[in-house]
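Sequence and predicted model, in that order:
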Amino acid sequence: MLDASGAVLYSDVMTLVPGPVYFLGLNPGGSPDNNRDGTIRHSLTASRAGINAFLDQSWGDPPRNSPSGEAPLQCRIRKLFAMMGLETRKIAASNLVFTRSRNLRLHMNFENAIAQCRPVHEFFIDAIQPELILTHGNRDTFRRGIGAHFTENHEAHHAGWKIHSGTCAIAGRTIPVINMPHLSFWAINAETPKAKRRRAILRTLFKEYGFSPR
């Protein structure tokens, strides 16, 4: 698995200490064929070197790479953390599944990959002891992957999508969890009326969990 296209941590390995939030996406995006150097082995080396994928890496399928930290998804994630009063470099971040695919439909045996990666998430959560697990992407996948149980939903102002909140049972803990639409599609950093409404809802929700901008 070490030489498979993908990534484990998107943050510095030093984020695996008690902290407020564990941030999870679905799996690394992009084409495995166009990211031959982007292996799990390489990602572990980068994490040990203090690299943060949301700040320091150039994302996109070559040759259409964005400048480091400037891909739309990177910008939205940084905006999200700023809205919570958190520093991007200090937040532990990963994906539910570590192997890369353009989308979930193109990932072979995604359910098996979820099962393979779960013990690693349990280890991370045991180290981080997060107050909140913050996820984005298909909520049913997080139900299966981390035992998320969603009890409330909130308007996302994007088609029929919702923001969901509840708890998850993992690593012997019951932890609050929020699930948002995937930030690749859900723009929270634009200066449009819809994006402003999205930010307002998120700020209200984050405040309920004790997070607010500095």
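That came through, no problem.

Who are the contact partners of the closest residue to Glu87 other than its chain neighbours?
The spatial neighbour of Glu87 that comes closest, neighbours along the chain excluded (CB to CB, 6 or more residues apart in numbering), is Phe81 at 7.1 Å. Placement of C-beta: from N, CA and C, glycine included. Phe81 makes contact with 87-88, 91 under the criterion CB atoms under 8 Å, 6 or more residues apart in numbering.

what are the ranges of the helices in the chain?
Chain-ordered helices for the chain, with DSSP state H as the definition, fall at 40-48, 53-56, 72-83, 110-128, 139-146, 193-208.

okay, now the nearest residue to His154 once chain neighbours are set aside: neighbour count?
Here the nearest residue to His154 in space, its sequence neighbours aside, is Ile163; by CB to CB, 6+ apart that works out to 4.2 Å. Residues near Ile163, counting by other CB atoms under 10 Å, number 23.

what's the answer for the one 3 residues further on, then?
Gly166 is surrounded by 17 other residues when neighbours are defined as other CB under 10 Å.

again with the one 4 residues further on
Close neighbours of Ile170, defined as other CB under 10 Å, add up to 20.

got it, and Ala187?
Neighbour count of Ala187, defined by other CB under 10 Å: 17.

Could you pull up the residues touching the closest residue to it other than its chain neighbours?
Setting aside the residues directly before and after it, Ala187 is nearest to Ala195 in space (CB to CB, 6+ apart), at 5.5 Å. Under the criterion of CB under 8 Å, 6+ apart, the neighbours of Ala195 are 187-189.
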